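Colleague: Take this sequence and fold it.
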Amino acid sequence: MKSAKTPCIGICSTTSFGDPVCRGCKRYLFEVINWNAYGQFEKFAVLKRLEKLEVQILESKLLIVDEERLREGMRKLGLSFDESLSPLCWVHNLLAKCHQQIPKLADVGLIAMPEFAELSVSAISKLVDEELLILSAAHNDRYNNYPASSPS
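Modeller: Now for the predicted structure:
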């Protein structure tokens, strides 16, 4: 199994503000705290859970029409991408880190689904991030037996 990289994006609300789910990477508090102690299997399980949630949200909003253009756009913007994850996870990373640098989705091989076509790239990025945080918090509440947590 390939070494799992941290999904951390450098803004941790779990350690800074005590959030039960990180507003940045969407890991649960205990996953952030224990990440360095996790073996590859545990890290892979976290990454796969995040992948499923990201794909669920992104596939309803965006379509990758040119994967090579997506790769090129990410390289130009200095973003790495994990080949073992869905390209929609790359899109999430791209939107989270560089949405203000992308004038048009087509520039990076994407199109918006009709109901989101009128939104700016920044608005789509914000919507995706909000929905992902809500879904992650719901999963945390449901599967980790914590009292209801609401994203701030």
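Colleague: Could you check how far Met90 is from Lys26?
Modeller: One thing to correct before we go on: residue 90 is Trp, not Met. 16 Å (C-beta to C-beta, to the nearest Å). For glycine as for every other residue, the C-beta is placed from the backbone atoms N, C-alpha and C.
Colleague: Quick one: distance of the longest helix along the chain to the chain centre.
Modeller: Counting by DSSP state H, the longest helix found in the chain is helix 121-143. Relative to its chain's centre, helix 121-143 lies at 9 Å (C-alpha atoms, centre = their mean, to the nearest Å).
Colleague: start the count at 17, not 1, going forward
Modeller: Sure thing, new numbering starts at 17, so read that last one as helix 137-159.
Colleague: who's in contact with it?
Modeller: 36-37, 39, 42, 44, 65-66, 69-70, 72-74, 77-78, 108, 111-112, 115-116, 118-121, 128, 132, 135, 162-167 (C-beta atoms under 8 Å, 6 or more residues apart in numbering).
Colleague: Any of the residues you listed buried? List them.
Modeller: Neighbour counting over the contacts of helix 137-159 (16 or more other C-beta atoms under 10 Å) leaves 36-37, 39, 42, 44, 65-66, 69-70, 73-74, 77-78, 108, 111-112, 115, 118, 121, 128, 132, 165, 167 as the buried ones.
Colleague: Out of the residues you listed, which sit inside strands?
Modeller: Leu78, Ala128 (DSSP state E).
Colleague: The buried ones among the contacts of helix 137-159 in helices, which ones?
Modeller: Arg65, Leu66, Leu69, Glu70, Ile73, Leu74, His108, Leu111, Ala112.
Colleague: Is it possible to get CSV of those that adds pLDDT?
Modeller: Shown next, in CSV, are these (pLDDT from 0 to 100):
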residue, pLDDT
Arg65, 94
Leu66, 94
Leu69, 96
Glu70, 96
Ile73, 97
Leu74, 98
His108, 93
Leu111, 95
Ala112, 90
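Colleague: Specify which member of those is nearest to Thr22.
Modeller: Comparing those against Thr22 with C-beta to C-beta places Leu66 closest, at 11.2 Å.
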